[in-house]
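# what's the 3D shape of this:
(one chain, ligands or ions: 2)
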Amino acid sequence: MRILHTMLRVGDLERSIAFYTNVLGMQLLRRKDYPAGEFTLAFIGYGDETDQTVLELTYNWGVDQYELGTAFGHIALEVPDVYAACEKMRAAGGKIIREAGPMNAGTTIIAFLEDPDGYQIELIGEKHQRG
Ligand SMILES: C[C@@H](O)C(=O)SC[C@H](NC(=O)CC[C@H](N)C(=O)O)C(=O)NCC(=O)O
Ligand code: NI
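Ligands and ions are numbered 1, 2, ... in the order given. Down below sits the predicted model:
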């Protein structure tokens, strides 16, 4: 078994695709309209779904915003260098909501961005200690 995808409902599919590709460097892997359900799915990630976990962006036609609530945390991305990634993503228009540095109550270097719908994206360095 393996984790295939995480689904995020988004209010503007083009806006979200632009963020995940231009700011986070992902690829648009596939996209499909479902007229009978009045929604569109866009799968994005860093490689083919056969061996990569991806994001499934769901656009419900005519729905431009959602209440995110307080339970969902974040999606974490591994980067070679958190400090450098923050600068590159900020230059590409990304919204850094927590600058790079040791996490609270720990030593792992992390940073957080916010995507166009307010979902949080965590950046963690490749050499971080797990656990
Ligand atoms: C290890 C890394 O993947 C983490 O996500 S830990 C980040 C840390 N998490 C928490 O503090 C969880 C408890 C918190 N009360 C909550 O419910 O979110 C975190 O968010 N740190 C913030 C920071 O600025 O370091
Ligand atoms: Ni995390």
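
# interface residues of the chain facing ligand 2?
With the criterion set to Cβ under 5 Å from the ion, the chain comes near ligand 2 through 76, 122. Using the backbone N, CA and C atoms, a C-beta is placed for each residue, glycine as well.

# In three-state terms, label the residue of the chain positioned farthest from its centre for me.
Most distant residue from the mean C-alpha position of the chain: Ala36, 27.4 Å away (Cα atoms, centre = their mean). Going by DSSP: H, G, I helix; E, B strand; the rest coil, the secondary structure assigned to Ala36 is coil.

# Please report the residue range of the longest helix in the protein.
helix 82-91 (DSSP state H).

# Quick check: next helix or strand after that helix?
For helix 82-91, the following helix or strand on the C-terminal side (DSSP states H and E) is strand 95-102.

# ok, so what distance separates the residue lying closest to Ile110 once chain neighbours are set aside from Gln52?
Using Cβ to Cβ, 6 or more residues apart in numbering and skipping the chain neighbours, the partner closest in space to Ile110 is Met103 (4.8 Å). From Met103 over to Gln52 the distance is 25 Å, taken as Cβ to Cβ, to the nearest Å.

# Do a quick rundown of the strands in the chain.
Using DSSP state E, the strands of the chain run over residues 5-9, 27-34, 39-45, 54-60, 74-79, 95-102, 109-114, 120-125.

# Contacts only, for Glu99.
With contact taken as Cβ atoms under 8 Å, 6 or more residues apart in numbering, Glu99 is in contact with 86, 111.

# low-scoring stretches of the chain, by residue?
Scanning the chain for pLDDT under 70 picks out the ranges 128-131.

# can you list the residues of it near ligand 1?
Contacts of the chain with ligand 1, taken as Cβ under 6 Å from any ligand atom, map to 73, 76, 98, 103-104, 108, 110, 122, 124.
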